[in-house]
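Q: my questions concern the predicted model and sequence given below.
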Amino acid sequence: MARSKEALVLLLDVGPSMHGVLQEVKNICSTLVHKKLVYNRSDEIGIVLFGTKETCNELAKELGGYKHVTVAHDIKVVDEGTSQALQNLPAGSVPGDFLDAIVVGLDMVIRKFGNTKGKRRLCLITSTQYPLRDPPEGTKEDQVDTIADQMKRHDIKMECIVFTEPGVHHNSVMEENDRLLYQFRNRSVAKVVQVDSPTSLLGALKTRNVLPVTIFRGDLEVSPNFKIKVWVYKKTAEEKFPTLKKYSDKAPPSDKFASHEVKVDYEYKSVIEPDKVVPPDQRIKGYLYGPQVVPISSAEWEAVKFKPEKGVKLLGFTDRSSISRHHFMKDVCLFMPEPGNTKATLAVSSIARAMHQMNKVAIVRCVWRQGQGNVALGVLTPNISSVNNVQDSFYFNVLPFAEDIREFQFRSFSSLPSSSQPTEEQQEAADNFVKMLDLAPPGREVLKPEFTPNPMLERFYSYLDLKAKQPDANVPPLERCLRRITEPDPDVIDQQTPLIQNLGKAFELKENPKKKKARTQDRLAYIDAGDQAKSAAETSAEKDGVLGALYPPSENIGQIRDLNPVQDFEAMLAKRSSSTWVQKAIEEMQKYTAALLENSREGDNYQKALECFAALRKACIIEQEPEEFNQFLTKTYERLKDNAANFFQLLSSRNISLISKEEAPDSDVTEEMARSFYLKQEAASQ
């Protein structure tokens, strides 16, 4: 077996205690298979079910015993059959024995690979609620030691995920089973994870293994005469979407060996000789400096490039409280003493424990590689180990420079008049509501980071698998397990219902007559003068009726159509759903009017374009956007004065010209300039 390949056997408890989370077990195991199909297509997976009514495994056939353990899928290279076996998980009817399942899975791996080297792993998912059978000889602890010795001999690791349903009493049987699993962990052959919710179960199994690779090996320089040999690993890293490559469908369908790859080549040609390709040795990068292009060669770049020396230097210590958690940037790294170096281990442990005792952190300057173009300034936080065979270490977080910090200044309530300041009751209700949104309340943490998968990635891989089987399939609805992550937890909402109700009672919503009046005036600004006078005398309810009749609700608000372009434009102006809506309405009207003139045949669109120009000019005056109209009119005139001379004659006859400063104070157009443009239109039309 190649070292880069992994053999994994899934040991899945399908007994009665796991029926409520079988769907989550299917989902997480299916995601693991989907990721292996993308990243590790040569890996092998086997599936063992325990708690089934029937028995089907080699040990039962040869030796007897090992009842209710079924090999659902032999260890094979991951393929569509592996995914299909996970989708057909049966709901078992008898309690399962996880020690029997571990022995069967271990036997499958040894039979398959013997003493060859490679990465081998067992993954156990169970509830540990049922008693285990007594071994024929010795005790259960002796049986665990025997299994652990075999796992060490064949270099096989195990990952145990124990699901305890909320409300289940932790009895003596579960305590004994947990003790046996932790005995595997103490023998350094297993890792045990306890979860208590379906959502945590969904993220407990690591669906993609990333080999730890050092980003730095060298000295942690405390002083010129005191240096500690350390290795630095990445502790966390963002899991990104797989890189999607371009696919070519130009190859004939009969060609089974077509790669369908798309290759992109670039050619650089001279401006003076467009047909001549410039070879790489005759090119040089140029950078704009004002209107000029300054050529800078690669040799000049190398000469001025910042090249710090590789190393990690301690700058000093500070109180932990002086470093804000929200200032941490990028990924977390782990500083470990050099393996096998006793002096380095003692030095790191001594400093880490002293810092932990004094509640201090260290500020360090890091250059991971020789010739690196940037320097990382960060903080070392002591990580004191609670396990005897695990060394003390440091967590490293990158700190921001001054230009990386974004300060947001918010207006204080104290600057508002007393009538606008919140009461004590309102302040308390708002504080309680904010505290309710805390995902880590005392005694309980919701959506633990280490047990919460990325819902976007989970959904992506699931849909990718579906599209591979059904190319025309639509995006399916969000699954129940992912909905628990993306939507508010119903249990939390139910518990905090009184706080939500108190918040609603504390703040009484009232109609703002000033704001409503201003909005009404803005809307009525686009109604004719006669309608304005009539509406001013009516009650507010009647005004709303007028507006509702003029601008009825429509799904097409936001579009200017051919039937009533001016009314559509005015409806867009009256909507004002955001601060940019007026600008959007003006831009849409400009595009529509320009298209009318350009597509006009023998002036058939001139009358409608004239109405649009008049409505646009009126709106730009009201909204104090004179430049929008003036620039549009000037550019339209320069572009179409030869082809649409009759239209501009119509504009002149209607006195539709540039908006002057008298009409709009923000305009830079004087009365003389507007008159000059008007005369120019008349001259062109004649």
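A: Yep, it's here.
Q: low-confidence ranges in the stretch 1-150 of the chain?
A: For the stretch 1-150 of the chain, applying pLDDT under 70 flags the ranges 1-4.
Q: can you show me the strands along it?
A: Here the stretch 1-150 of the chain has its strands, by DSSP state E, counting those that start in this stretch, at 6-13, 44-50, 69-77, 119-126.
Q: one more: the stretch 351-500 of the chain?
A: 360-367, 376-383, 393-398.
Q: please identify the most buried of those.
A: Among the strands of the stretch 351-500 of the chain, judged by mean count of other C-beta atoms under 10 Å, the one packed with the most neighbours on average is strand 393-398 (a mean of 22). In short, each C-beta sits where N, CA and C put it, glycine included.
Q: given it, what are its sheet partners and their directions?
A: If you go by DSSP bridges, strand 393-398 pairs up with strand 329-337 (antiparallel), strand 376-383 (antiparallel).
Q: the last one vs strand 360-367, what angle?
A: The one in question is strand 376-383. Angle of strand 376-383 versus strand 360-367, following axes from the mean of the first three to the mean of the last three C-alpha atoms, to 10 degrees, is 140 degrees.
Q: with adjacent residues omitted, what lies nearest to K76?
A: By the measure of C-beta to C-beta, 6 or more residues apart in numbering, the closest residue to K76 outside its immediate chain neighbours is E44, 5.9 Å from it.
Q: the one you found: what's it in contact with?
A: Taking C-beta atoms under 8 Å, 6 or more residues apart in numbering as the contact definition, E44 lies against 5-8, 75-78, 112.
Q: go again with 6 Å.
A: 7, 75-77 (C-beta atoms under 6 Å, 6 or more residues apart in numbering).
Q: now the residue nearest the centre of the chain: how far from I485?
A: Using C-alpha atoms, centre = their mean, the residue of the chain that lies closest to the mean C-alpha position is M456, 7.1 Å off. Per C-beta to C-beta, to the nearest Å, M456 is found 10 Å from I485.
Q: same question, S30
A: 17 Å.
Q: what do you get for H260?
A: 35 Å.
Q: looking at the two now, which is surrounded by more residues?
A: The neighbour comparison of H260 against I485 (other C-beta atoms under 10 Å) goes to I485, with 17 against 12.
Q: distance of the more buried one from Q470?
A: The gap separating I485 from Q470 is 26 Å, by C-beta to C-beta.
Q: what's the answer for R654, then?
A: From R654 across to Q470, the span is 61 Å (C-beta to C-beta).
Q: if you count surrounding residues, which of these two has more?
A: Just comparing R654 and Q470: by other C-beta under 10 Å the higher neighbour count belongs to R654, 13 against 9.
Q: got a markdown table for the strands of the stretch 351-500 of the chain, with mean pLDDT and distance to S17 too?
A: Shown next, in a markdown table, are the strands of the stretch 351-500 of the chain (pLDDT from 0 to 100; distance: least, C-beta to C-beta, whole Å):
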| stretch | mean pLDDT | distance to S17 |
| --- | --- | --- |
| strand 360-367 | 95 | 45 |
| strand 376-383 | 95 | 36 |
| strand 393-398 | 95 | 37 |
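Q: separation between E428 and D438?
A: 16 Å.
Q: neighbour count winner among those two?
A: Counted by other C-beta under 10 Å, E428 and D438 do not tie: E428 has more neighbours, with 14 against 11.
Q: what about K140, neighbour count?
A: K140 has 18 neighbouring residues, counting by other C-beta under 10 Å.
Q: next one: L658, what pLDDT does it get?
A: pLDDT, L658: 83.
Q: quick one: secondary structure of it?
A: Per DSSP: H, G, I helix; E, B strand; the rest coil, the secondary structure class of L658 is coil.
Q: contacting residues for N605?
A: Taking C-beta under 6 Å, 6+ apart as the test, what N605 contacts is L596.
Q: burial count for the residue nearest to P95 when sequence neighbours are not counted?
A: Setting aside the residues directly before and after it, P95 is nearest to Y130 in space (C-beta to C-beta, 6+ apart), at 3.5 Å. Y130 has 19 neighbours, counted by other C-beta under 10 Å.
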